[in-house]
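# predicted model follows, preceded by the sequence.
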Amino acid sequence: MTQRDGGTTLDRAAIALSRRGRVDAFLALDVLSAAGAIERAGGRVIHLELGEPSAPPPRAAREAAIRALSGGPIGYTEALGRASLRARIARYYQDTHGVAVSPERIVATTGSSSAFVLSFLALFDVGARVLISSPGYPAYRNIMQALGIEAVPVATSAASGHIVTAAMIEAAHAAKPLDGVLLMSPSNPTGVLTPPAELAAICATCDRLGVSFISDEIYHGLTYGARATTALASSSRVVVVNSFSKYFCMTGWRIGWMVVPEELVRPIERLQQSLSISVPTLSQIAAEAAFDARDELEAVRAGYERNRALLAAELPRLGFGKVHPMDGAFYAYVDVGDFTNDSIDFCRRMLVEAGVATTPGVDFDRENGQRFIRISFAGAEADMRAAVEAIGKWLK
């Protein structure tokens, strides 16, 4: 194929595409794009599709960033992160969980997303098998696919408390050996919290089997009853991933962290040096200050709790009688099987006809997600009430 440009003929050969790039779309972001098109055309959309706090970053974080910008150059940091931030994160574990963690084991990351890339690269070779929960966060399997790692989804159900248990890990490993396990508590999309005793059993099982365990704790701080327990309380071999995106309301700052075993520190440091040099300095400075905004952040969490109570009361009235326990995070994982067996079409019609954006369950569960949708209640209470009213009218 040729193209004539200014009198010159340019040969345009087809670009060869890598198999690594053939991952599934992240449907929540596709819904966001579709909602944006409606809004640009003058329509109104109530956004319940993204797991993103509507509250601004804490004042202390914003003020720290402003001071840093006024103070001169913003340069690179050490690849593992600023020493003061790593020390502050270590203090968080002592204050919140009573767990002593050396700052030397803490790695600042570009959100939790880069923490997964770093941990997968450091722990697993091509062809490794890593167990994940189904339903579960879709980026896990997509990143694994791009890196040549086999994601092994294990279906949860009411019988297992909607979580992956230690017994389920043992059975999966016996059927075909696993190299790793990656679980999230509280969970996205279900909001279900793994009980402390079960989390301890999972850590013990993975340690005994020689299986690497990655505990995604990004929604810690966002629970509505029992508090979340860190896997660090049960194992020194676990890799813990967390972020300032959810509880700390700093999604766009792209700042997170990992706690890793001592033997992983240097490999991850080498990877970080080459993949990103260091994490954005301004975000690290702001994140450190965010730890001092507990009262402000707890007020935000209380708003989520009010939204949660509203949905718990209104969803059954709308005809959605089956909802996973909303123990934590800010999601309702809703069974819409009485209305549809095509959650993608259901969400599309709800967006176009009712002006409410939600995420189809197939984003989180390829096998059974066609009868589920995820509703995020991270927005304003007024929006939640307006969404309930709009969905009610649409379903009549």
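It's in.

# residues near the residue nearest to Asp292 when sequence neighbours are not counted, how many?
Among residues not flanking Asp292 along the chain, Ala60 sits closest, at 5.0 Å (CB to CB, 6 or more residues apart in numbering). Every C-beta, even on glycine, is put in place using the N, C-alpha and C of the backbone. Residues within reach of Ala60, counting by other CB atoms under 10 Å, total 18.

# secondary structure class for Ala60?
Following DSSP: H, G, I helix; E, B strand; the rest coil, Ala60 is assigned to helix.

# one more: Leu80?
coil.

# how close does Lys396 sit to Leu318?
Lys396 is 10 Å from Leu318, where distance means CB to CB, to the nearest Å.

# neighbour count for these two, which is higher?
Neighbour totals were compared for Lys396 and Leu318, and Leu318 leads with 16 against 6 (other CB under 10 Å).

# so where do the strands sit in the stretch 151-300 of the chain?
Secondary structure of the stretch 151-300 of the chain (DSSP state E, counting those that start in this stretch): strands at 180-184, 212-216, 239-243, 256-259.

# parallel or antiparallel, list what pairs with the last one.
Strands adjacent to strand 256-259 in the sheet, as given by DSSP bridges, are strand 106-109 (antiparallel), strand 239-243 (antiparallel).

# make TSV out of those and add mean pLDDT.
Conversion of these to TSV gives the following (pLDDT from 0 to 100):
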stretch	mean pLDDT
strand 106-109	98
strand 239-243	98
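
# output the ones you listed as CSV; include the columns distance to Pro261 and mean neighbour count.
Shown next, in CSV, are those (distance: least, CB to CB, whole Å; neighbours: other CB atoms under 10 Å):
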stretch, distance to Pro261, mean neighbour count
strand 106-109, 12, 28
strand 239-243, 7, 27
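
# can the ones you listed go into CSV with extra columns for distance to Asn307?
Below are the strands paired with strand 256-259 laid out as CSV (distance: least, CB to CB, whole Å):
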stretch, distance to Asn307
strand 106-109, 29
strand 239-243, 21
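
# right, so of those, which gets closest to Ser119?
strand 239-243 (5.2 Å; CB to CB).

# which outside residues touch that closest one?
109, 111-112, 115-116, 119, 123, 212-218, 220, 230-232, 255-261, 264 (CB atoms under 8 Å, 6 or more residues apart in numbering).

# can you pull the contacts of Ile143?
Applying CB under 8 Å, 6+ apart, the residues contacting Ile143 are 113, 116-117, 120.

# circling back: among the contacts of strand 239-243, which ones are buried?
Neighbour-count burial (16 or more other CB atoms under 10 Å) applied to those gives 109, 111-112, 115-116, 119, 123, 212-218, 220, 230-232, 255-260, 264.
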